[in-house]
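Visitor: pasting the sequence and the predicted model now:
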Amino acid sequence: MKKMDANFVDTGRLQVQVNTIIQSRPISQAKISISYTGNPTEVIEEVTTDSSGRSPILELPTPPLEYSMAPNENQPYSEYTIKVSAEGYEPIEISGSELLSGEFSIQPVQMTPQTPAEPFEDIVIAAHTLFYEYPPKIPEDEIKPTTETGEIVLSRVVIPEYVVVHDGTPDDTTATNYYIRYRDYVKNVASSEIYATWPGSTIRANILAIMSFTLNRVYTEWYRNKGYNFTITSSTAFDHKWIHGRNFFDNISLVVDELFSYYLSRPNVRQPILTQYCDGQRVTCPDWLSQWGSKSLGDQGYTAIQILRNYYGQDMYINSAEEVAGVPASWPGYNLNIGASGQKVSQIQEQLNAIAEVYSVIPITPENGEFTEATQNSVRAFQTLFELPPTGIIDYPTWYRIQDLYVAITRIAELT
């Protein structure tokens, strides 16, 4: 990328979110400098994080929208280098943070306490799968046999708290294993595999395929049954493209929060279907989902399930997991709003107040089991801070985002 590419005619929005790597606590007064990845010595923005560890939302140049709307030789996203420093923490540099026309990109930064032995961390975000040529997926059966001696298979579909991502091919013993929260994993993969500029139904269809594939790996203990100590790899030849440290897009994040407990099923098959896909341009896959083809169908008004059935057959349907692991309390099955009362309201009030001790922009609410205007104000502040629609209502995505953050900051759930 040149100093200032003449093709940068549009803009996107970027926010850097800086937290501690332990307990996910915000780091205020962190200093952030931003430059074009092609010219990292020329700083174009210098900002500081607020009490919630957030930078201001920055509007930055991008290539035109049309570059991401059809297969194109021109790179459809701009790339930025982000340097972060904070007192008492190791500095970090992230190169290649992607920004698309008209979209809101969130760049998470996790900082580690400063120690003499800790090296400076430099993260390089690899190219997007639709722009760079990665190894194509090695075909597998979409339903795994579960009758082999010694086969480890779960008795029911459970949404895991974490997946262990092996950052390489299965047999690469030098690759690092990362413990990643399930939803964060899906957001990362979706941001690496499709463009956030695509139609909403296309984004939903692709996210459902990513989640079903991932849950098949979880449900069948596919890699652990082969003697490995991880859930899934970052290799496109075997699984999905997951990129350590990459940014994700707000609209993709919202869809994942809405759909994260779902997967794809066939009649009389208990396990999530291993829904394979390809880009549909450099690689063709007649019986799998085509990413560019799904974009075309979304443009034509197809719904997510219509897109999925177009590729996987009419007997494919959407199912819901029986359990979400690693949360203190499960979704009650209905929205909580002003006038609601009882144990679920008390739980959410307690959790919001624990979060408010760390994120001071969230007002404290009485813990009385009554969903009052004070509770609504706390909910709305939480939603605004964490990029959810600020309705003041505890809906499904808000409930589980509160659960996740409460677990993270109180450390009541430990890796096992």
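Guide: That came through fine.

Visitor: strands of the stretch 51-200 of the chain, start to end?
Guide: For the stretch 51-200 of the chain, strands defined by DSSP state E, counting those that start in this stretch occupy the ranges 58-62, 77-85, 92-100, 104-111, 121-124, 158-159, 162-166, 177-181.

Visitor: burial count for Asp287?
Guide: Residues contacting Asp287 under the criterion other Cβ atoms under 10 Å number 10. Backbone N, C-alpha and C define where each C-beta goes, glycine included.

Visitor: now do Phe104
Guide: Using other Cβ under 10 Å, Phe104 is surrounded by 17 other residues.

Visitor: can you show me the helices along the stretch 251-400 of the chain?
Guide: Secondary structure of the stretch 251-400 of the chain (DSSP state H, counting those that start in this stretch): helices at 291-299, 304-312, 343-356, 373-385, 396-410.

Visitor: quick one, the third one and helix 396-410 angle?
Guide: Direction vectors for helix 343-356 and helix 396-410, defined by axes from the mean of the first three to the mean of the last three Cα atoms, to 10 degrees, enclose an angle of 50 degrees.

Visitor: other residues contacting helix 343-356?
Guide: Residues outside helix 343-356 that contact it (Cβ atoms under 8 Å, 6 or more residues apart in numbering): 328-329, 332, 336, 362-371, 375, 378-379, 382, 394, 399, 402-403, 405-406, 409-410.

Visitor: just the buried subset of those residues, please.
Guide: Taking 16 or more other Cβ atoms under 10 Å as the criterion, what is buried in these is 332, 336, 362, 365, 367, 369-371, 375, 378-379, 382, 394, 399, 402-403, 405-406, 409.

Visitor: hmm, back to that, what's the closest of the strands of the stretch 51-200 of the chain to Asn310?
Guide: Smallest distance to Asn310 across the strands of the stretch 51-200 of the chain (Cβ to Cβ): 25.4 Å, for strand 92-100.

Visitor: list the strands paired with that closest one, with their directions.
Guide: Strands that pair with strand 92-100, judged by DSSP bridges, come out as strand 77-85 (antiparallel), strand 121-124 (parallel).

Visitor: most tightly surrounded among the ones you listed?
Guide: When those are scored by mean count of other Cβ atoms under 10 Å, the highest mean neighbour count falls to strand 77-85 (a mean of 23).

Visitor: about what we covered before: out of the helices of the stretch 251-400 of the chain, which comes closest to Thr49?
Guide: Among those, helix 373-385 sits nearest to Thr49 (Cβ to Cβ), with 12.9 Å.

Visitor: and the closest one, average pLDDT?
Guide: On average, the pLDDT along helix 373-385 is 98.

Visitor: who are the packing partners of that helix?
Guide: helix 343-356, helix 396-410 (3 or more Cβ pairs under 8 Å, 6 or more residues apart in numbering; DSSP states H and E).

Visitor: in PDB, list the C-alpha atoms belonging to that helix.
Guide: Below are the C-alpha coordinates for helix 373-385, written out as PDB (Å, rounded to 0.1, in the frame of the first residue of the first chain):
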ATOM      1  CA  GLU A 373     -36.100   3.000  35.100                       C
ATOM      2  CA  ALA A 374     -32.700   2.900  36.900                       C
ATOM      3  CA  THR A 375     -32.200  -0.700  35.700                       C
ATOM      4  CA  GLN A 376     -33.200   0.300  32.200                       C
ATOM      5  CA  ASN A 377     -30.600   3.200  32.300                       C
ATOM      6  CA  SER A 378     -27.900   0.700  33.300                       C
ATOM      7  CA  VAL A 379     -28.900  -1.700  30.600                       C
ATOM      8  CA  ARG A 380     -28.900   1.100  28.000                       C
ATOM      9  CA  ALA A 381     -25.500   2.300  29.000                       C
ATOM     10  CA  PHE A 382     -24.100  -1.300  28.800                       C
ATOM     11  CA  GLN A 383     -25.600  -1.800  25.400                       C
ATOM     12  CA  THR A 384     -24.200   1.500  24.100                       C
ATOM     13  CA  LEU A 385     -20.700   0.700  25.400                       C
END
